[in-house]
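Participant: dropping the sequence and predicted coords here.
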Amino acid sequence: MQPWHEDDSFWELLAPHMFPPQRVAAAVGDVDSILRLTGLAPGAAVLDLCCGPGRHALEFARRGFRVTGVDRTAAHLQRARAAASDERLDIEFVLADAREFARPAAFDLALNLFTSFGYFADPSDDLRVARNLYDSLRPGGRLIMELMGKEVLARIFQPRGWEEADSVILLQERAVCQDWGWIENRWILVGEGTTREWSVGHRLYSAVELKRLLQDAGFTACAAFGALSGAPYDHQAQRLVVLATRPA
């Protein structure tokens, strides 16, 4: 059976729920925070791995960075290219799986945001993605990963939930599995005369586990934060953010 993350219809039908206008607009503040956290100067080369419709790639390009956005969903890249064209932004968008994309020593900063990691049943694939990110950075280059950390999820966990976008309702059921190593979600999309259902699972990482994985891939100086703002990763953390460096 095809994994959920390789199902194009999943990404296309769920796009209004994943990328509503307020989340797209939030990319401005996200990039502000990333630049404060890294001190990166305009003109640097940025890789946005799993870029989706390009909300962060577009914002970095607006500020004078050289940007490459990579995603495995053609519909997302089509939307991103159209937005870049409308604004006359020069951005490279690449259709590729995160397990396959690497461009040796090409970037000063790599991004993997919005829980775009840990989808694969085989944990060695996660290490493979981390090594691709490492290989794609120049010596001294840095990586920022941002996802739902295990500790944060444990604090806010709800077994059921729902949301509405464009008159379509998304129902969600959640179950923690494998001793908090995995979360299995049942997502049901209802509206416009149709119902679609997916089983959406992904690996859960604590701060210590994610830092260890990145260190196994070669990164050093791995620091965890509770938001892109650089807030501490403590009992009030909103997300798990890890900043890691490829040694010079």
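Facilitator: Arrived safely. Numbering: from 1, shown residues only.
Participant: for the nearest residue to residue 114 once chain neighbours are set aside, grab phi and psi.
Facilitator: In space, and not counting its chain neighbours, residue 114 is closest to residue 146: 6.7 Å by C-beta to C-beta, 6 or more residues apart in numbering. Just so you know, the C-beta spots here come from the backbone N, C-alpha and C atoms, and that holds for glycine as well. Main-chain torsions, residue 146, degrees, to the nearest 10: phi -140, psi 120.
Participant: how close does residue 146 get to residue 181?
Facilitator: Distance, residue 146 to residue 181, using C-beta to C-beta, to the nearest Å: 20 Å.
Participant: run a quick neighbour tally on residue 230.
Facilitator: Residue 230 is flanked by 14 other residues according to other C-beta atoms under 10 Å.
Participant: helix or strand next in line after the helix or strand residue 31 falls within, which one?
Facilitator: Using DSSP states H and E, residue 31 sits in helix 27-38. Sequence-wise, the next helix or strand downstream of helix 27-38 (DSSP H and E) is strand 45-49.
Participant: give the pairing partners of that next one; include direction for each.
Facilitator: Paired neighbours of strand 45-49 in the sheet (DSSP bridges): strand 66-71 (parallel), strand 107-112 (parallel).
Participant: and the first one, what's its mean pLDDT?
Facilitator: It refers to strand 66-71. Strand 66-71 shows a mean pLDDT of 98.
Participant: what packs against the following helix or strand past it?
Facilitator: From strand 66-71 onward toward the C-terminus, using DSSP H and E, the following helix or strand is helix 74-86. Contacts defined by 3 or more C-beta pairs under 8 Å, 6 or more residues apart in numbering; DSSP states H and E place helix 74-86 against helix 8-18, helix 55-62, strand 66-71, strand 91-95.
Participant: quick one: closest of those to residue 49.
Facilitator: Checking the helices and strands packed on helix 74-86 against residue 49 by C-beta to C-beta gives strand 66-71 as the closest, at 5.1 Å.
Participant: related to what we said a few turns ago, the strands paired with strand 45-49: which one's closest to residue 199?
Facilitator: Between residue 199 and these, the tightest spacing by C-beta to C-beta is seen for strand 66-71, at 21.6 Å.
Participant: from the chain's centre, how far out does that closest one sit?
Facilitator: 13 Å (C-alpha atoms, centre = their mean, to the nearest Å).
Participant: cool, stretch 29-48 as well?
Facilitator: On C-alpha atoms, centre = their mean, the centre of stretch 29-48 falls 15 Å from that of its chain.
Participant: swap in stretch 132-148?
Facilitator: For stretch 132-148, the distance from its own C-alpha centre to the chain's C-alpha centre is 12 Å (C-alpha atoms, centre = their mean).
Participant: buried ones in it?
Facilitator: Across stretch 132-148, burial judged by 16 or more other C-beta atoms under 10 Å covers 132-134, 136-138, 141-148.
Participant: tabulate the CA atom coordinates of it in CSV.
Facilitator: Taking Å, rounded to 0.1, in the frame of the first residue of the first chain, the C-alpha atoms of stretch 132-148 are listed here in CSV:
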residue,chain,number,x,y,z
ASN,A,132,21.6,14.6,3.0
LEU,A,133,21.1,17.9,4.9
TYR,A,134,24.6,17.7,6.3
ASP,A,135,26.2,17.0,2.9
SER,A,136,24.3,19.9,1.3
LEU,A,137,25.7,22.4,3.7
ARG,A,138,29.1,24.1,3.3
PRO,A,139,31.5,23.8,6.2
GLY,A,140,30.2,26.1,8.9
GLY,A,141,26.7,26.0,7.5
ARG,A,142,23.8,25.5,9.8
LEU,A,143,20.5,23.6,9.9
ILE,A,144,17.3,24.6,11.5
MET,A,145,14.6,21.9,12.1
GLU,A,146,11.2,22.7,13.5
LEU,A,147,8.7,20.1,14.5
MET,A,148,6.2,18.9,17.1
